[in-house]
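Asker: Structure of the sequence below:
(2 chains)
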2 protein chains.
Amino acid sequence: MEYRSRESKKGTNVVWHNHKITKAQRSALKKQRPCILWFTGLSGSGKSTIANAVEGRLYEMGRHTYLLDGDNIRHGLNRELGFSDEDRVENIRRIGEVSKLFVDSGTIVLSAFISPFKSDRMKVRELVEEGEFIEIFVDVPLEVCEARDPKGLYKKARRGEIGDFTGISSPYEPPENPEIRLPAHEQSIEESVEQIVDYLRERGYLDGK
Amino acid sequence: MEYRSRESKKGTNVVWHNHKITKAQRSALKKQRPCILWFTGLSGSGKSTIANAVEGRLYEMGRHTYLLDGDNIRHGLNRELGFSDEDRVENIRRIGEVSKLFVDSGTIVLSAFISPFKSDRMKVRELVEEGEFIEIFVDVPLEVCEARDPKGLYKKARRGEIGDFTGISSPYEPPENPEIRLPAHEQSIEESVEQIVDYLRERGYLDGK
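Answerer: Model prediction:
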């Protein structure tokens, strides 16, 4: 689709070609195939650290990315949502819809949320086209995450000071067929980054440059 | 800020520099200064048509843009919201938060919604940094919009078939000091596009290429 406004003359009474710029055009400008890198895993598994490292690597490669995480979502768009089952569902629904907008803009979007429920992740997958949703299971056992406990949250949850805590008082439903599984406690962050970048490279997401 | 993962060796036990990629870095990659072009005006004033034309022109110039409008918001992120005063406020709040995320990603985001309430537009302005919110008042009188009535909505509203219709049964609060005012019924779409692109060019939003 060609955008034709260039051919119209200022002030003359030409027909305006009201074409919308498409996802394909925005992706072509960015020279990449947009997708959602959807990290899921327990608190303390390393989702956010790995997602940031992947964004850093892709940035070095001149790729157009955006990372959605608690910092920019929980204090903004989803500020009124809590951690009840109902609010968790709405939280992930909105993150899914925003991710879809970023994909539509041609961006490789990284999403780093526990997202414990299989059905919610499936709904996000169904929002976008085939191949645009890449589920990355940060597969670190509860014992390891609890031993790490970087924010002291597991301790609080065990003491009953936090309700609905995933893995303790609220379920985590692991993905059955994630596109990528990261045994992040058994490998370096670098290795996890390589695993993801290799996946993208091999499947043509980074073609066009 | 330099991203350092390049210097670390795979498998070695280096300290991981967990730097987040910043708005400044993403903007530098896109070679532009991100902002929100916030179109406001009555139904039928031409917000969406002009916003699409501006996006088309910016695309031709190699700029990274994204347009938020009823098509991609009302059927997605805000699907459960109606047109009551309360829902309108929440509608604009979420659009503002999403716009902020796009600005953070380095994108020039165009938003084309009636956004009738001054206080809501002010809240969006306050979400982002000085100079990142550009209010564009598509200033077409009610009589002209009603005569155009492209979707037959004014007729329905006059017959009482649509409640809370802006300009008829719900107020429109015009901006007092918009960055750009477009008397869109007295000039061509091309002229409105030029007015906006000139504004961006003169104030350095398009520097860097």
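Asker: how far does stretch A:137-148 sit from the chain's center?
Answerer: Computed by Cα atoms, centre = their mean, to the nearest Å, the chain-centroid distance of stretch A:137-148 equals 20 Å.
Asker: What are the phi and psi values at the residue nearest to residue A:164 when sequence neighbours are not counted?
Answerer: Counting by Cβ to Cβ, 6 or more residues apart in numbering or on different chains, residue A:164 lies nearest to residue A:170, which is 4.4 Å off, once chain neighbours are set aside. C-beta here means a position set from N, CA and C on the backbone, and glycine is covered the same way. Residue A:170 adopts backbone torsions of phi -150, psi 140, taken as degrees, to the nearest 10.
Asker: Could you pull up the contacting residues of residue A:170?
Answerer: A:83, A:85, A:116, A:164 (Cβ atoms under 8 Å, 6 or more residues apart in numbering or on different chains).
Asker: hang on, isn't the third one packed against residue A:171?
Answerer: Yes: taking Cβ atoms under 8 Å as the definition, residue A:116 is a contact partner of residue A:171 at 6.4 Å.
Asker: Look at these two and report which has more neighbours.
Answerer: Between residue A:116 and residue A:171, residue A:116 has the larger neighbour count (other Cβ atoms under 10 Å in any protein chain shown), namely 22 against 11.
Asker: Kindly give a single PyMOL line that selects the buried subset of the contacts of residue A:170.
Answerer: Per 16 or more other Cβ atoms under 10 Å in any protein chain shown, the buried members of the contacts of residue A:170 correspond to this PyMOL selection:
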select buried, chain A and resi 116
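Asker: For chain B, state which of the contacts of residue A:170 is nearest.
Answerer: The closest of those to chain B turns out to be residue A:85 (Cβ to the nearest Cβ; 17.4 Å).
Asker: which residues touch the closest one?
Answerer: A:164, A:170.
Asker: show me where chain A has strands.
Answerer: According to DSSP state E, chain A carries its strands in the segments A:35-40, A:65-68, A:108-112, A:133-138, A:180-182.
Asker: Kindly point out the strands partnered with the second one and how each is oriented relative to it.
Answerer: Looking back up the chat, that one is strand A:65-68. strand A:108-112 (parallel) (DSSP bridges).
Asker: Would you mind pulling the contact partners of the partner strand?
Answerer: A:32, A:34-39, A:47-48, A:51, A:54-55, A:58, A:63-70, A:95, A:99, A:102-103, A:200, A:205.
Asker: Quick one: buried ones out of these?
Answerer: A:32, A:34-39, A:47-48, A:51, A:54-55, A:58, A:63-69, A:95, A:99, A:102-103, A:200, A:205.
Asker: Please state the offset of stretch A:189-201 from the chain centre?
Answerer: Using Cα atoms, centre = their mean, the offset of stretch A:189-201 from its chain centre is 15 Å.
Asker: how about it, does it get close to chain B?
Answerer: Yes: remark: stretch A:189-201 sits within contact range of chain B at A:189, A:190, A:191, A:193, A:194, by Cβ under 8 Å from any Cβ of the partner chain.
Asker: what's next to the helix or strand of chain A with the lowest mean pLDDT, contact-wise?
Answerer: Across the helices and strands of chain A, the lowest-confidence element by mean pLDDT, DSSP states H and E is helix A:70-72, at a mean of 91. Helix A:70-72 is contacted from outside by A:48, A:112, A:113, B:101, B:104, using Cβ under 8 Å, 6+ apart.
Asker: between these, which is nearest residue B:148?
Answerer: Checking the contacts of helix A:70-72 against residue B:148 by Cβ to Cβ gives residue B:101 as the nearest, at 33.5 Å.
Asker: count of residues packed around the closest residue in space to the closest one that isn't next to it in sequence?
Answerer: Counting by Cβ to Cβ, 6+ apart, residue A:72 is the residue found nearest to residue B:101 once chain neighbours are left out, at 6.3 Å. For residue A:72, the neighbour count with other Cβ under 10 Å is 17.
Asker: ok, now the one 4 residues further on?
Answerer: Here the neighbour count serves as a burial measure; for residue A:76 (other Cβ under 10 Å) it reads 17.
Asker: wait, what's in contact with the nearest residue to it once chain neighbours are set aside?
Answerer: Of all residues not flanking residue A:76 in the chain, residue B:97 sits nearest, at 4.5 Å (Cβ to Cβ, 6+ apart). The contact partners of residue B:97, taken as Cβ under 8 Å, 6+ apart, are A:76, A:77, B:127.
Asker: Just to check, the last one is in contact with residue B:100?
Answerer: Yes: under the contact definition of Cβ under 8 Å, residue B:127 touches residue B:100, with a separation of 4.9 Å.
Asker: Name the residue in these two with the higher neighbour count.
Answerer: residue B:100 (21 against 17).
Asker: Could I get the pLDDT score of that one?
Answerer: As predicted, residue B:100 sits at a pLDDT of 98.
Asker: For residue A:63, grab phi and psi.
Answerer: phi -90, psi 150.
Asker: how close does it sit to residue B:81?
Answerer: To residue B:81, residue A:63 is 34 Å away according to Cβ to Cβ, to the nearest Å.
Asker: Equivalent analysis for residue A:197, please.
Answerer: According to Cβ to Cβ, residue A:197 stands 39 Å off from residue B:81.
Asker: need the strands of chain A in CSV with distance to residue B:184, can you?
Answerer: Formatted as CSV, the strands of chain A follow (distance: least, Cβ to Cβ, whole Å):
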stretch, distance to residue B:184
strand A:35-40, 37
strand A:65-68, 32
strand A:108-112, 34
strand A:133-138, 40
strand A:180-182, 49
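Asker: show me what contacts residue A:68?
Answerer: Contacts of residue A:68 (Cβ under 8 Å, 6+ apart): A:95, A:98, A:99, A:102, A:109, A:110, A:111, A:112, A:113, B:101.
Asker: circling back to that earlier point, between residue B:127 and residue B:100, which contacts overlap?
Answerer: residue A:76.
Asker: between the top helix by length along chain A and strand A:108-112, how many degrees?
Answerer: Longest helix in chain A, counting residues (DSSP state H): helix A:85-104. Here helix A:85-104 runs at an angle of 160 degrees relative to strand A:108-112 (axes from the mean of the first three to the mean of the last three Cα atoms, to 10 degrees).
Asker: Now find how far off-centre helix A:85-104 is within its chain.
Answerer: The answer for helix A:85-104 is 10 Å, by Cα atoms, centre = their mean.
Asker: so that helix versus strand A:133-138, what angle?
Answerer: 130 degrees.
Asker: What are the phi and psi values at the closest residue to residue A:40 other than its chain neighbours?
Answerer: With sequence-adjacent residues excluded and distances taken as Cβ to Cβ, 6+ apart, residue A:40 is closest to residue A:115, at 4.7 Å. Main-chain torsions, residue A:115, degrees, to the nearest 10: phi 40, psi 70.
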